[in-house]
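Participant: The following block contains a protein sequence and its predicted model.
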Amino acid sequence: MREKQYYIYLMTNKDHNVIYTGITNDLKRRACEHKEKIVEGFTKRYNINKLVFYEICRDVENAIVREKQIKAGSRAKKIAIINKLNPEWNDLYETL
């Protein structure tokens, strides 16, 4: 049986002036939904289409705690998280 994984992810728009934090159990599907503007809401309104960071958790409880921790942080802290692992802010979607 395959072990379940949960992803905490950060996405942005082409100008990097908005950072969205989310959680999912299928990162490729969820990032595609954002990119293709399938779901109404914040990411569609602000043209969020670039996956710039993600991390994996093995259980949903820890994933939710981590998502809340990142969301509660300042924009500067989110930028630092992205810069640490993806300083060029490349779109990581194609690497999934």
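Facilitator: Perfect, I can see it now.
Participant: ranges for the helices of this structure?
Facilitator: Using DSSP state H, the helices of the chain run over 27-35, 42-45, 60-72, 75-85.
Participant: okay, the ones you listed in JSON lines with distance to L96, mean pLDDT and mean neighbour count next?
Facilitator: Where you see a C-beta, it was placed from the backbone N, CA and C, and this is true even at glycine. As requested, these are exported to JSON lines (distance: least, Cβ to Cβ, whole Å; pLDDT from 0 to 100; neighbours: other Cβ atoms under 10 Å):
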{"stretch": "helix 27-35", "distance to L96": "5", "mean pLDDT": "97", "mean neighbour count": "18"}
{"stretch": "helix 42-45", "distance to L96": "17", "mean pLDDT": "94", "mean neighbour count": "14"}
{"stretch": "helix 60-72", "distance to L96": "17", "mean pLDDT": "97", "mean neighbour count": "14"}
{"stretch": "helix 75-85", "distance to L96": "15", "mean pLDDT": "98", "mean neighbour count": "13"}
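Participant: and of those helices, who's closest to L92?
Facilitator: Closest approach to L92 among the helices of the chain is made by helix 27-35 (8.4 Å; Cβ to Cβ).
Participant: can you list contacts of the closest one?
Facilitator: 7, 9, 11, 20, 22, 24, 38-39, 43-44, 48-49, 51, 54, 93, 96 (Cβ atoms under 8 Å, 6 or more residues apart in numbering).
Participant: List buried residues within those residues.
Facilitator: Listed as buried from the contacts of helix 27-35 are Y7, Y9, M11, Y20, G22, T24, T43, I48, N49, L51, Y54, Y93; burial here means 16 or more other Cβ atoms under 10 Å.
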